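[1] The following comprises the amino acid sequence and a computationally predicted model.
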Amino acid sequence: MSFAIAGSLDEALAALAVGARPIAGGTDLVVGARQGKAPLPASLVAIDRLDELAHIESRDRGIRIGAMVTHSQLMIDQMIVSGYTALADAAALVGSPSTRNIGTLGGNVMNASPAMDTGAPLMVLGAVAQLRSARGSRTVELSDLWTGPGQTSAETEELCVAIDLPPRPARSGSAYVRLEYRRAMEIAIVGAAASVTLADDGTILGGAVALSAVAPTIIEVDDAGALMTGHLPDAAAAAVATAASDVARPISDLRASDTYRRHTVGVMAARAVDAAARRAAGEEIGVPVNRAIGVGASR
Amino acid sequence: MIVSFSLNGSPASGRVERPISLLDFLRDELKAIGSKSACDQGECGSCSVILDGVVVCSCLVMAADVEGSTVTTVEGLESEGTLSAVQQAMHEAGAVQCGFCTPGIVVAATDLFSHNSSPTTREIKEALAGNICRCTGYGAIIRAFETLAGEST
């Protein structure tokens, strides 16, 4: 076994260039190896001490979230909670305090699970991933990044160093709602994120909806923006619910049938639109919204 | 490779040749068997330790990655034979049944009380959300910490 603790980003990229694989929190890689999904790579480079990747910073155009920012950071960061609330909703639902303390946003994005909680929020908020290698850097749309369950379009020597989010328009809100059977250590049965911007008359000016755990990757409901625009939130939520169920291509497994998932993802999408619109109108709904509106177990 | 770190206030080191977890390193190599191995996949909290100031599942941390770190396990909480306040609260509430989850619960609660001396019942439950008691003895566990929280107000 070769295991190196990177002292700088350049060191990490140099290690990746010669075949090492990155490890951050270890919550996916270590468990996957133990369950026999994939053996641990022979050469690992730990990137969890790269402080340069562990900050959430305001930029000229939006914010940059370093790849090593943990779920614990995301769920309480004021910029995230106030402006990018769906992401805080999702981060607060992940695992338990212990896993949120070491699980990172970059790890969640690059693990590319179709059931990941942060993915749908990032998609509706217009996030892009910053990938870097020893040879250069590039910006990738999330819809181009996720190519299948556990699959990304990143090259093996590329490291996700940050997620960039554009600024939020005025009178905007977002929410992520997840169907769950228990309150902690849960994986989404299905989930939905919505972002909504309101016009002065209370109708919807624009928005987006994305879904978790109903396709090989996180998917966007492509016509959600058009379906919502010009309508009051109630009518928009009903239209989005149908569209979400139509676009879903879920599997059946021991946790839920495809029929159940297709129906409930519509319900979650409607609730996400409702909560996002209420937040856009200035209503304070606590993070995670699941607890505030009573999805799943209430205690 | 030799991995050196601070364990319960004392220097500790050991040889790590395979990709083992901090939990296996603690138990098998350093013979610190207070942290328990149950699910071995970050689901149950029985292996909880405090790593550089935050509570983590030691079964998810690579042993090689704790070089230079500070680790507190359940063994590091009592002082000279006197139980910590969290341990004493569980003892007095009878919050131990088979005892297998107890070290992890003690560590998670220690982390909670270290930054919130009077948590609400909801905060106690959230802090212990990653710790599973297979005996389902949660009632006494929660009551132990409600009592402790009440004493500090």
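    Here it is on my side, so go on. Since this is a predicted model, take the numbers as computed values, not measurements. Numbers count the residues shown, from 1 in each chain, chains lettered A, B, ... in the order given.
[2] and the residue in chain B positioned nearest to chain A, how far is that from B:Glu43?
    Relative to chain A, the nearest point of chain B is B:Gly130 (2.4 Å; Cβ to the nearest Cβ). (Glycine included, C-beta is placed from N, CA and C.) Distance, B:Gly130 to B:Glu43, using Cβ to Cβ, to the nearest Å: 8 Å.
[3] In terms of neighbours, single out the busier of these two.
    The residue with more neighbours, out of B:Gly130 and B:Glu43, is B:Gly130; 25 against 19, by other Cβ atoms under 10 Å in any protein chain shown.
[4] The residue of the stretch 1-150 of chain A found nearest chain B - nearest residue in space that isn't next to it in sequence?
    Chain B sits closest to A:Ser96 of the stretch 1-150 of chain A, with a gap of 2.4 Å, by Cβ to the nearest Cβ. With sequence-adjacent residues excluded and distances taken as Cβ to Cβ, 6 or more residues apart in numbering or on different chains, A:Ser96 is closest to B:Gly130, at 2.4 Å.
[5] show me what contacts the closest residue to B:Ala63 other than its chain neighbours?
    Closest residue to B:Ala63 apart from its sequence neighbours, by Cβ to Cβ, 6+ apart: B:Phe25 at 3.7 Å. The neighbours of B:Phe25, taking Cβ atoms under 8 Å, 6 or more residues apart in numbering or on different chains as the test, are B:3, B:14, B:16, B:63, B:66.
[6] mind redoing it with 7 Å?
    B:14, B:16, B:63 (Cβ atoms under 7 Å, 6 or more residues apart in numbering or on different chains).
[7] and what of A:Pro288?
    A:89, A:92-93.
[8] mind giving me the domain split of chain B?
    Following the assignment in automatic domain parsing, chain B carries domains at B:2-76, B:85-152.
[9] Output these in TSV; the columns should cover mean pLDDT.
    Shown next, in TSV, are those (pLDDT from 0 to 100):
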stretch	mean pLDDT
domain B:2-76	96
domain B:85-152	96
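[10] Let me know which of the ones you listed is tucked in deepest.
    Stretch with highest mean neighbour count among the domains of chain B: domain B:2-76 (a mean of 20; mean count of other Cβ atoms under 10 Å in any protein chain shown).
[11] How far does stretch A:149-163 stretch from one end to the other?
    Taking Cα to Cα, to the nearest Å, stretch A:149-163 runs 20 Å from one end to the other.
[12] Let me know the average pLDDT across it.
    Averaged over stretch A:149-163, pLDDT sits at 97.
[13] next one: stretch A:248-261
    96.
[14] Could you do stretch A:281-297 as well?
    87.
[15] Please apply the same query to stretch A:42-50.
    On average, stretch A:42-50 scores 94.
[16] Determine how far the last residue of it lies from the first.
    21 Å.
[17] Give me the contact list for that stretch.
    By Cβ under 7 Å, 6+ apart, stretch A:42-50 touches A:1-6, A:9, A:12, A:15-16, A:19-25, A:68, B:65.
[18] Using neighbour counts, trim the residues you listed to the buried set.
    Neighbour counting with 16 or more other Cβ atoms under 10 Å in any protein chain shown marks A:3-6, A:12, A:15-16, A:20, A:22-25, A:68, B:65 as buried within the contacts of stretch A:42-50.
[19] where does A:Ala91 fall, helix, sheet strand or coil?
    helix (DSSP: H, G, I helix; E, B strand; the rest coil).
[20] And the residue nearest the centre of chain A?
    A:Thr118 (1.7 Å; Cα atoms, centre = their mean).
[21] Next to chain B in this structure, residues from chain A, please.
    Taking Cβ under 7 Å from any Cβ of the partner chain as the contact definition, chain A meets chain B at A:1, A:3, A:5, A:23, A:26-27, A:30-31, A:34-35, A:40, A:46, A:48, A:95-99, A:101-102, A:183-185.
[22] For ChimeraX, write the select line for the buried members of those residues.
    A single ChimeraX command selects the buried members of these (16+ other Cβ under 10 Å):
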select /A:3,5,23,26,27,30,31,34,40,46,48,95,96,97,98,99,101,102,183,184,185
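[23] Which ones among the residues of chain A next to chain B lie within helices?
    Among these, the members found in helices (DSSP state H) are A:30-31, A:34, A:97-99, A:101-102.
[24] coming back round to it: need the contact list for the residue of the stretch 1-150 of chain A closest to chain B.
    A:Ser96 touches A:184-185, B:45, B:129-130, counting by Cβ under 7 Å, 6+ apart.
[25] now swap in A:Gly25 and tell me
    A:48, A:102-104, A:107.
[26] what do you get if the cut-off is 10 Å, keeping everything else the same?
    A:47-48, A:68, A:70-71, A:99-104, A:106-108, B:42, B:56, B:60-61 (Cβ atoms under 10 Å, 6 or more residues apart in numbering or on different chains).
[27] Now, these that are in strands?
    B:Val56 (DSSP state E).
[28] could you give the mean pLDDT of the helix or strand harbouring A:Ser143?
    Using DSSP states H and E, A:Ser143 sits in helix A:142-145. Helix A:142-145 comes out with an average pLDDT of 98.
[29] Can I get it as PDB, trimmed to CA atoms?
    The C-alpha trace of helix A:142-145 is given here as PDB (Å, rounded to 0.1, in the frame of the first residue of the first chain):
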ATOM      1  CA  LEU A 142     -22.900  18.800 -13.700                       C
ATOM      2  CA  SER A 143     -25.100  17.300 -16.400                       C
ATOM      3  CA  ASP A 144     -21.900  16.500 -18.400                       C
ATOM      4  CA  LEU A 145     -20.000  15.400 -15.300                       C
END
